[in-house]
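Undergrad: Pasting the sequence and the predicted coordinates here, then a few questions.
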Amino acid sequence: MLILTNKPQIFADQRVAHFLARWPWRVVQGQVEGLAVKPSTDVSNLVTSALGLTPEQVLYLGDSDVDMYTARNARYRAVGVIWGFRSEAELRAAGAQDIAQS
C-alpha cells in the first residue's frame, strides 16, 4: 500500500506516523520541490516505478476529482471513496470506475 498526496512531504510523514502507523505503507509520497503534484503523471510514474509495478497492477482509491484525474492520467483503476471529500456523482463524473461506500 502507498499514499500519494499533494500535501507537503513533512506533513504527510507526520500524519502517517500519528494516525496510520499500524498499516504497512511501502511508500508515502507527498509534495516535494521539483516534482509536479497530482494529477501530473510525474509523481504517479515515480511511485509506480519505485514499487516495480505496471499501471495495470494499481488500484487507486481517492476521494476527490483530482484523485480520479490522477488515476486516469496514470492508467490506474480508479475507485472513488464516498466517505471523503466528494459525492459519488462527482467522483463518477471525474472518472471513477468503481465506488467504495465503506
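TA: Everything's here; your move.

Undergrad: which residues of this structure fall in strands?
TA: For the chain, the strands defined by DSSP state E occupy 2-8, 27-31, 59-62, 77-81, 98-100.

Undergrad: Of these, which stretch is the most buried?
TA: Among the strands of the chain, strand 77-81 has the highest mean neighbour count (mean count of other Cβ atoms under 10 Å), at a mean of 22. Heads up, the C-betas are built off the backbone N, CA and C, glycines and all.

Undergrad: low pLDDT regions in the protein?
TA: Within the chain, no stretch falls below the threshold (pLDDT under 70).

Undergrad: That one: helices as residue ranges?
TA: Taking DSSP state H as the criterion, the chain carries its helices at 9-19, 41-50, 65-74, 88-93.

Undergrad: rewinding a little: right, so of the strands of the chain, which gets closest to residue 18?
TA: Ranking the strands of the chain by proximity to residue 18 (Cβ to Cβ) places strand 27-31 first, at 12.3 Å.

Undergrad: which strands and helices sit next to that closest one?
TA: For strand 27-31, the packing partners by 3 or more Cβ pairs under 8 Å, 6 or more residues apart in numbering; DSSP states H and E come out as strand 2-8, helix 9-19, helix 41-50.
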